[in-house]
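A.B. asks: structure, please.
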Amino acid sequence: MNIVERSEVLVVGFAVRTSNAEELDPSRARLPILWGRAGAPGAFAHVPGKAGESLYAVLTDYESDHHGSFTQVVGVAVHTAAALPEGMVAVRVPKVSAMKLEARGPMPQALVECWQQVWKHTESGATPPRAFTTDLEIHHPGGADLFVAVLQPR
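C.D. replies: From the prediction side, this is the model:
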């Protein structure tokens with residue numbers, strides 16, 4: 001796993017609270033609806049100060065570890081979040097040390113495979129350990145880059 005310093009970014013988008021267990025049950029899964037909303041034509045056309053066209057998925061507010069609840073925000077990077085469109089939230093993704101994985105190939109399967117690598121890393125107790133603070137996916141035409149916050153030794 002490649003460890004990098006992930007830059008700070010401000011993201012404006014739609015948010016849901018969920019867990020991996022809920023997402024495995026199609027009757028309770030919230031992420032497909034969130035992504036459908038975020039992927040709709042013009043979903044972010046009214047967001048002022050956009051810093052590009054890539055979609056960002058922010059995973060934050062972890063209840064505990066990958067078994068607990070978390071919040072996912074899907075949106076766009078912005079320069080400022082002074083005026084939020086109705087129904088959207090802003091989240092500041094802090095600069096951190098992160099494992100970087102690259103999801104390439106058919107989506108969402110390539111991204112799922114990256115997350116499975118992360119969960120295997122976590123379950124095995126490998127180092128560096130996950131921080132469970134704020135993780136980030138950057139979706140672009142070539143695939144997605146996944147940045148998973150890790151704890152650095154002091």
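A.B. asks: mind listing residues that contact the longest helix along the chain?
C.D. replies: The single longest helix within the chain, with elements called by DSSP state H, is helix 109-124. With C-beta atoms under 8 Å, 6 or more residues apart in numbering as the test, helix 109-124 has contacts from 1, 65-66, 99, 101-104, 129-130, 137, 143-144, 146, 148. Where C-beta positions appear, they are placed from N, C-alpha and C, glycine not excepted.
A.B. asks: buried ones only from those, please, as a ChimeraX command.
C.D. replies: With 16 or more other C-beta atoms under 10 Å as the criterion, this ChimeraX line picks the buried residues out of the contacts of helix 109-124:
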select :66,99,101,103,130,137,143,144,146,148
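A.B. asks: quick one: which of the contacts of helix 109-124 is nearest residue 11?
C.D. replies: Nearest to residue 11 among the contacts of helix 109-124 is residue 137, at 10.7 Å by C-beta to C-beta.
A.B. asks: list the contacts for the closest residue to the closest one other than its chain neighbours?
C.D. replies: Residue nearest to residue 137 in three dimensions, not counting chain neighbours: residue 57, with 4.0 Å by C-beta to C-beta, 6 or more residues apart in numbering. Going by C-beta under 8 Å, 6+ apart, residue 57 touches 72-74, 136-137, 139.
A.B. asks: residue 19: which of those residues is nearest?
C.D. replies: Among the contacts of residue 57, and counting by C-beta to C-beta, the member closest to residue 19 is residue 72, at 10.4 Å.
A.B. asks: pretty sure the closest one sits in a strand.
C.D. replies: Yes - the assignment for residue 72, made by DSSP: H, G, I helix; E, B strand; the rest coil, places it in a strand.
A.B. asks: for the residue nearest to residue 7 when sequence neighbours are not counted, which residues are in contact?
C.D. replies: Among residues not flanking residue 7 along the chain, residue 95 sits closest, at 5.7 Å (C-beta to C-beta, 6+ apart). Contacts for residue 95 (C-beta under 8 Å, 6+ apart) come out as 5-8.
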